[in-house]
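Colleague: Quick one: sequence plus predicted model below, questions after.
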Amino acid sequence: MPLVAGVDTSTQSCKIVVRDAATGALVRSGAAKHPDGTEIHPDHWWTAFGEAARAAGGLDDVAAIAVGGQQHGLVALDAEGRVIRDALLWNDTRSAPAAEDLIRELGDGDRTAGAQAWADATGSVLVASLTVTKLRWLRDAEPENATRVAAVALPHDWLTWRIAGYGPADSSPLGPDLDALVTDRSDASGTGYYDAQGADGAGEYRRDLLRLALGRDDVVLPRVLGPAESGGTAHPSVAGAEVDGGALIGPGAGDNAGAALGLGMEPGDIAISLGTSGVVSAVAPTRTADGSGAINGFADATGNALMLAVTLNAARVLDAARTLLDVDVVELARLAQAAPPGADGLVLVPYLEGERTPNRPDATGTLHGIRLANSTREHLARAYVEGMLCGLADGLDALRAQGVPVERVMLIGGAARSAAVQEVATQVFGVPITVPEPGEYVADGAARQAAWVLAAAGDPAADAPDWATAVDSTLDADPRPVVREQYAAVRDLV
Ligand SMILES: Nc1ncnc2c1ncn2[C@@H]1O[C@H](COP(=O)(O)OP(=O)(O)O)[C@@H](O)[C@H]1O
Ligand SMILES: O=C(CO)[C@@H](O)[C@H](O)COP(=O)(O)O
């Protein structure tokens, strides 16, 4: 049976799975770290891809490959295919004032009207995460760099381009053909200059919005491929990663759409992802236009819409708690589970990196309700877990307010492995929680897409392969309203 590879070039690392195209069975996997920081030279992603591929035993036997990745990051390329400056990532908040400027400009000075206009045009009210705001920041803060921009790509677009053999002439076999850049609807929908529903539902770039941000629109944007359309073939000599020359390359996806594909999500399913970002997402038939900004109306990787509420503060909140308490992940979970729900009034508002939903880019975190009785390691650990999840419970409410049915809630991402997170999730979300087997669901989604591309090469009408998702456990709901009540009382005091 042919093998396929799926890649997740995420915020913290590159993960690769190799799966059997027919059954989805996991054959091999590998991972490699990315450096910390909110601006990173994309060459680090390329290096990590090579390391992860080697850790996965090489990729010279795969028949197709696809890349999922962190969304929104600005990869600005010059005419020679060189990266102009370090990529500004989704969690870099320096473009928050640019987002406000663009909102007001589209609303002719009226912020409310501008917010709704962006939501109508692209599905999202602008926040610093979205690519278009980073382009405006570049125009204003680094005009010399802005004038050099010949193409704008996202992290997964750029890595896909490199795997196909393109890049600067001195470091790639095929050279800087910018017109060979490809992307997909899901990631394009997070740029702020793509309308996933425009042009009769097919999706279209909004070059007028790109021009508004950058001051010009004579730049190459990646060609948007269909869900199972091949973007070419892998080049045999990529980064020592030993990808078989000739392996079909899939369109790839934004990481959240990748996870939805990996989980086989359908309307009624909710995914709560606890990676660097916290994401509550749902697949829907049509995209929303939430002028409040609570929900991003993106596209998924199959032709549907993907609604998301995204926070900047998830797994790293627990990393911070581990640093404070000097414990590992197992001990942090044990400590948190040893304190009562509500941590006897100790409440963390977890805006450790500012926040995106709600839009508070300059906020800092705050610990409320400290008393002698709750000044213990156990209470502190629990407050960090509860605070992180309360932000996402607000996101789930926002999805419900948009009429999204909540039938099954799945917990994924690095921090979902924590027993304390799983327990507190049943209390804070107040619904049964399905915990799929620990895995890399973004990379799995990319692998499933690669298998789909392979099948579609033989039969253009082929559907995505029917791979099963292994459920590890389903936990009963255990609603503890006190946790969210305490949080709601202090959330706005930051
Ligand atoms: N058992 C665990 N408990 C808490 N946090 C965990 C656990 N395992 C991994 N993590 C955290 O999950 C994060 C990585 O998750 P991941 O979903 O790969 O992130 P990303 O996709 O943003 O790169 C790290 O911050 C790591 O410390
Ligand atoms: O900004 C978003 C989605 O809008 C984030 O979900 C990023 O896509 C990063 O994801 P992780 O690397 O944290 O999984």
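Modeller: Sure, I can see it. Ligands and ions are numbered 1, 2, ... in the order given.
Colleague: can you pull the contacts of residue 340?
Modeller: Counting by C-beta atoms under 8 Å, 6 or more residues apart in numbering, residue 340 makes contact with residue 382. (Each C-beta comes from the backbone N, C-alpha and C, glycine too.)
Colleague: Pull the number of nearby residues for residue 446.
Modeller: 38 (other C-beta atoms under 10 Å).
Colleague: and it, helix, strand or coil?
Modeller: Following DSSP: H, G, I helix; E, B strand; the rest coil, we place residue 446 in the helix state.
Colleague: now it: how far from residue 261?
Modeller: Applying C-beta to C-beta, to the nearest Å, the value for residue 446 to residue 261 is 8 Å.
Colleague: what's the answer for residue 349, then?
Modeller: Noted for residue 349: a distance of 33 Å to residue 261, by C-beta to C-beta.
Colleague: more crowded one of those two?
Modeller: residue 261 (30 against 24).
Colleague: pretty sure that one is in a helix, no?
Modeller: Yes - checked against three-state DSSP, residue 261 lies within a helix.
Colleague: Apart from its neighbours in sequence, what residue is nearest it?
Modeller: Spatial nearest neighbour of residue 261, excluding adjacent residues (C-beta to C-beta, 6 or more residues apart in numbering): residue 445 at 3.5 Å.
Colleague: And the closest residue to residue 164 other than its chain neighbours, how far from residue 103?
Modeller: Nearest residue to residue 164 in three dimensions, chain neighbours excluded: residue 232, at 4.9 Å (C-beta to C-beta, 6+ apart). Remark: distance between residue 232 and residue 103 (C-beta to C-beta) = 37 Å.
Colleague: Among these two, which residue is more densely surrounded?
Modeller: residue 103 (23 against 17).
Colleague: That one sits in which helix or strand?
Modeller: helix 96-106 (DSSP states H and E).
Colleague: what about the helices in the stretch 251-400 of the chain?
Modeller: 255-263, 315-325, 329-338, 377-401 (DSSP state H, counting those that start in this stretch).
Colleague: re earlier: quick one: average pLDDT of the helix holding residue 103?
Modeller: On average, the pLDDT along helix 96-106 is 98.
Colleague: Does ligand 1 have contacts with stretch 339-352?
Modeller: No - judged by C-beta under 6 Å from any ligand atom, stretch 339-352 makes no contact with ligand 1; its nearest approach is 12.1 Å.
Colleague: What of stretch 272-285?
Modeller: Yes - against ligand 1, stretch 272-285 shows contacts by C-beta under 6 Å from any ligand atom at 275, 276.
Colleague: Could you double-check that residue 7 sits in contact with residue 65?
Modeller: Yes - using C-beta atoms under 8 Å, residue 7 is in contact with residue 65, at 6.9 Å.
Colleague: Nearest to ligand 1: which residue in this structure?
Modeller: Proximity of the chain to ligand 1 (C-beta to the nearest ligand atom) peaks at residue 414, 2.1 Å away.
Colleague: Could you list the residues in contact with the helix holding residue 103?
Modeller: Outside helix 96-106, the residues touching it (C-beta under 8 Å, 6+ apart) are 110-111, 114-115, 117-118, 121, 125-128, 130, 132-134, 136-137, 140, 209, 212-213, 354, 359, 361-362.
Colleague: What subset of those residues is buried?
Modeller: The neighbour-count test (16 or more other C-beta atoms under 10 Å) marks 114-115, 117-118, 121, 125-128, 130, 132-134, 136-137, 209, 212-213, 354, 359, 361 as buried among those.
Colleague: ok, which of the residues you listed also contact ligand 1?
Modeller: Within the buried ones among the contacts of helix 96-106, nothing lies near ligand 1 by C-beta under 6 Å from any ligand atom.
Colleague: thinking again about what came up before, show me which residues of the helix holding residue 103 are buried.
Modeller: Neighbour counts over helix 96-106 (16+ other C-beta under 10 Å) mark 96, 98, 99, 100, 101, 102, 103, 106 as buried.
Colleague: okay, it in CSV with CA atoms only?
Modeller: What follows is helix 96-106, C-alpha atoms only, in CSV (Å, rounded to 0.1, in the frame of the first residue of the first chain):
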residue,chain,number,x,y,z
ALA,A,96,-2.4,45.8,16.9
PRO,A,97,-2.4,49.6,16.2
ALA,A,98,-2.3,48.7,12.4
ALA,A,99,-5.4,46.5,12.9
GLU,A,100,-7.2,49.4,14.5
ASP,A,101,-6.2,51.8,11.7
LEU,A,102,-7.4,49.4,9.0
ILE,A,103,-10.7,48.8,10.8
ARG,A,104,-11.4,52.5,11.0
GLU,A,105,-10.3,53.1,7.4
LEU,A,106,-12.7,50.5,6.0
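Colleague: With that, I have no additional questions.
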